[in-house]
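A.B. asks: Would you be able to build a 3D model of this:
(chains A and B, ligands or ions: 2)
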Amino acid sequence: MPIRFRVNGRETTVDVQPNTPLLWVLRDVLDLKGTKFGCGIAQCGACTVHLNGSPARSCATPVASVEDGEVLTIEGLSPDGTHPLQEAWKELDVPQCGYCQAGQIMSAAALLQENPRPTDADIDAAMAGNLCRCGTYLRIRRAIHQASGTTAADVEDVEEAR
Amino acid sequence: MTPPTSGMTRRHFLRVSAITGGGLLIAAHLDTSGLVALSDPGPLGSTAELNVFIRIGPDGSVTIQAKNPEIGQGVKTMLPMLIAEELDVNWEQVTVEQASFDPAAFQGQFAGGSNATPQNWLPMRQVGAAGRAMLVAAAARSWGVSAETCRTEAGVVHHDPSDRALPYGDLAGQAASMPAPELDEVPLKDPADFRIIGTTVKGVDNHAIVTGLPQYGIDFTLPGMLYAHFQKCPVFGGRVVDANLDEIRAMPGVRYAFVVEGGEALNGLLDGVAIVAESWWQARTARNALQVTWDEGDTASQSSDGFREASRELFGQPAERELRGDGDVEGALASAAAVVEADYEYPFLAHAPLEPQNCTAHFRNGHLEIWAPTQTPQNGANLVASTLELDPDDITIHLFRVGGGFGRRLSNDYMVEAARIAVEIEEPVKLLWTREDDMRHDFYRPAGFHRMRGGVDSEGRLTSWHNHFVSFGSDGRFASSAGVSPNEFPAGFVPNFRLESSLIPFGIPTGALRAPGSNGLAFVYQCFVDELAETAGADPLQFRLDMLAHEGEDPGQDPVRARRVLERVAEVSGWHDQGLPAGTGKGVAFHFSHRGYFAEVVQVTVSRAGDLRIDRVWAVGDVGSQIINPGFAEHQSQGGVLEGLSQALAQEITIQEGRAVQGNFHNFPLLRIQEAPPVEVHFVTTDHPPTGLGEPPLPPAIPALCNAIHAATGHRIRSLPISKHDLSWG
Ligand code: FES
Ligand code: FES
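C.D. replies: Ligands and ions are numbered 1, 2, ... in the order given. Next comes the predicted model:
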């Protein structure tokens, strides 16, 4: 059964089993490999995309449920990789293995849309669903602050301690 | 200089050639003792391309091939930094490419054991310096001056007396005809002149990562590629008796379903059912309908509870083996002013790298091509060749950036599965495991049980130490990563010391997890040292310094270096500051592992109800004379510390009926952002060759956390994970 929706601003029709998770449609049908598979049960956030402007775990989103919807993936976040979060991520050298980072950035982008000047607590709440096995959380927090022009509490007092 | 054509001597050697259009190609063959000769690479072609370390284009661009698999340890950036430094170019001129697996070109193509830095520190710089020397020689000749009067800077050769300068790009073609210098004689820079080493260089793949470009094995596709699932017996090593294959073959999209007969070795190809479909989700859906009758075998009777019972029984008997005995432990315990006895244990752990295991393979015309995220391509090729009876020359392996290694991808079980399926179907196929496959078919960090006894004399000195270690294995041999070195600290630092072991035979696959051995032992030893310090009435940090007050005997365990990191962590953490509020405490631990020295202090706050918060961690490391990439070194150390905390807090793989209970992140929790404390990292530099950071920051984090919980609440944590303990107090 054909299912229609928009991905990164482009009209798309796919013909797959309606219960196929959006993740596999993005990766294997539309060849958008930036959205990652980590757990398949909405536990890790590696597959985070925006669905109608809100963060969604695409591994747990049947493609039928996005009919007529608007999906944004990491590939569509900015035309040339210059979204302030992408810039901050590069600048602060956030990635280690890098595998979780597309999902992290998509969650962070949704946060900044809602709340352009988040506190540490706001960041922790918005990013709690995104695991990083390599433990890059401290730089993720800093990068979100940098992109939003705010300061991380822990950076302040580490700097003070020095 | 004539290159030897065979025999692979250990002579240092470099091969240079011109590239059509005026570039310079520098190929070198590395082994861990330095650089050895390439056999004559012949005309430049596709195979010569694989031999390249450095290519200098006529436009001055420098392309360096990164030979070690990148698993998040930063090596793809770090090794080229070493070359670029001595070549004396600007980092901005450098492009880094991932090399494919090519045993003829690269030796030591391997990620593990924090080895990349110590093995490459010298030879990589020598290659760069040799390239620089040839470019200088080319410039000197064209100007008719002596090379000694020339200098280089940022990819340009200068002759100051005549005020002439030529960029490397213009010299690359001529440099190819210059004699190659002997690598072990080529002069290296004074570290004071380093311009790249010691500066923070950002990950070379950062842009690709943040824009979602495909670069992991899981992202790789081939035209017409099919997707495979492989269902193994939930009980390790169980055999397939029967499966409803006809039903599976009739499911939508399914192209093949067949039984694979495996062998006995748990790290090789095991029995299972392969389902190959047009899409991964179709194969997944079909798998839900799969019904297999298994012969579960003897392992089905094994469990974590059973292992614990077995350990209690073994503790009650004389140990099977003495691994080390110094002095008279029983005599010293009998005359000690105080004796502490405690049983410690830690559970099995999964690696759970975030990129699930996967491998793409295509078998045609007798040749098998493999695309895999692996830390050990050579072992993978050997395993595939021997299992499938292929000639190793008929196997090609391509490497990717790896979505987390941690030791999991030292094993190539997923590679041999994909290869087996590809050989059967002769169509391109990608095998991709589910998270549950990954967690339930890992090579686990082995559990371990320790009965500890220690004695202190009336002056509070540690005089005796006895450990009966109940581990896994059979016939007197430890299972993979389940052993202990007889020299493990505090061996050599306590006059009366005995280390003994007994083994439980088992059928659970085990293997190396980041800081193997150390990640369990540091917990036991550094927590038990804390108990002894308390009994001795001593400050825990000072007690450790006192233990380290004399020379040890193992050159890998230098007490001077250990003391320095402890002293420094005392300073930066304000260890001696008084007046922490009730429920807040600091704990300390140190550990030697993988040539690195780390001392760490953790501060926690525990509510009366027992809710634990980790406030802050201070980590001080000594990994030698030079921190190559300081920003990344800090980051990698923070990652190691956070992983240690993550393991200690709530991770456990429980074995029941011969299978792993936990299957995904809901019951094998990783640390989340709101739990991650600030981690302050400091380095002490010492006059030793630089060594790696993948492993050493991890082990001390676990005991430092447990010791902090004791300081805050009075509870001793003698078994992990901490989530199983009630921490309420007051
Ligand atoms: S893959 Fe979707 S949350 Fe993990
Ligand atoms: S960078 Fe490796 S999982 Fe986050």
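A.B. asks: C-alpha only now, for contacts and for neighbours.
C.D. replies: Fine.
A.B. asks: how near is B:Pro214 to A:Pro116?
C.D. replies: 30 Å (C-alpha to C-alpha, to the nearest Å).
A.B. asks: Pick out whichever of the two has more residues nearby.
C.D. replies: B:Pro214 (20 against 16; other C-alpha atoms under 10 Å in any protein chain shown).
A.B. asks: Show the contacting residues for that one.
C.D. replies: Going by C-alpha atoms under 8 Å, 6 or more residues apart in numbering or on different chains, B:Pro214 touches A:Lys33, A:Gly34, B:Ala208, B:Phe220.
A.B. asks: Pull up the gap between the last one and A:Lys33, please.
C.D. replies: When you say that, I think you mean B:Phe220. Counting by C-alpha to C-alpha - B:Phe220 and A:Lys33 are separated by 9 Å.
A.B. asks: okay, the two: which has more neighbours?
C.D. replies: Per other C-alpha under 10 Å, whichever of B:Phe220 and A:Lys33 has more neighbours is A:Lys33, with 23 against 17.
A.B. asks: what's the burial count for the closest residue in space to that one that isn't next to it in sequence?
C.D. replies: Residue nearest to A:Lys33 in three dimensions, not counting chain neighbours: A:Arg27, with 4.9 Å by C-alpha to C-alpha, 6 or more residues apart in numbering or on different chains. Burial of A:Arg27 is recorded as 17 neighbouring residues (other C-alpha under 10 Å).
A.B. asks: Just the pLDDT for A:Arg27.
C.D. replies: In the predicted model, A:Arg27 carries a pLDDT score of 98.
A.B. asks: Might one say that it is in contact with A:Pro21?
C.D. replies: No - the criterion here is C-alpha atoms under 8 Å, and A:Arg27 misses it with A:Pro21 at 10.3 Å.
A.B. asks: Which segments of chain A make up each domain?
C.D. replies: As given by automatic domain parsing, the domain ranges for chain A are A:2-76, A:84-161.
A.B. asks: Identify the residues contacting residue 25.
C.D. replies: Picking chain A for this. Per C-alpha under 8 Å, 6+ apart, neighbours of A:Val25: A:Val14, A:Val63.
A.B. asks: wrong one, chain B
C.D. replies: The contact partners of B:Leu25, taken as C-alpha under 8 Å, 6+ apart, are B:Val16, B:Ser17, B:Ala18, B:Ile19, B:Val52, B:Phe53, B:Ile54, B:Arg55, B:Ile56, B:Ala176.
A.B. asks: The last one and A:Cys39: what is the separation?
C.D. replies: With the distance defined as C-alpha to C-alpha, B:Ala176 ends up 51 Å from A:Cys39.
A.B. asks: what do you get for B:Ser464?
C.D. replies: For B:Ser464, the distance to A:Cys39 - C-alpha to C-alpha - is 48 Å.
A.B. asks: cool, B:Pro677 as well?
C.D. replies: For B:Pro677, the distance to A:Cys39 - C-alpha to C-alpha - is 25 Å.
A.B. asks: and if you look at A:Arg27?
C.D. replies: Distance from A:Arg27 to A:Cys39, by C-alpha to C-alpha: 15 Å.
A.B. asks: and the contacts of B:Pro214, which two are the farthest apart?
C.D. replies: B:Ala208 and B:Phe220 (14.6 Å; C-alpha to C-alpha).
A.B. asks: if we can go back for a sec, looking at B:Pro677 and A:Cys39, which has the bigger crowd around it?
C.D. replies: Each of B:Pro677 and A:Cys39 has its neighbours counted (other C-alpha under 10 Å); A:Cys39 has more, 25 against 22.
A.B. asks: residues in contact with B:Asn664?
C.D. replies: B:Asn664 sits next to A:Cys39, B:Arg435, B:Glu436, B:Met439 when contact means C-alpha under 8 Å, 6+ apart.
A.B. asks: Sorry, wrong one. I was asking about B:Ala418.
C.D. replies: B:Ala418 neighbours (C-alpha under 8 Å, 6+ apart): B:Cys359, B:Thr360, B:Ala361, B:Val429, B:Lys430, B:Leu431.
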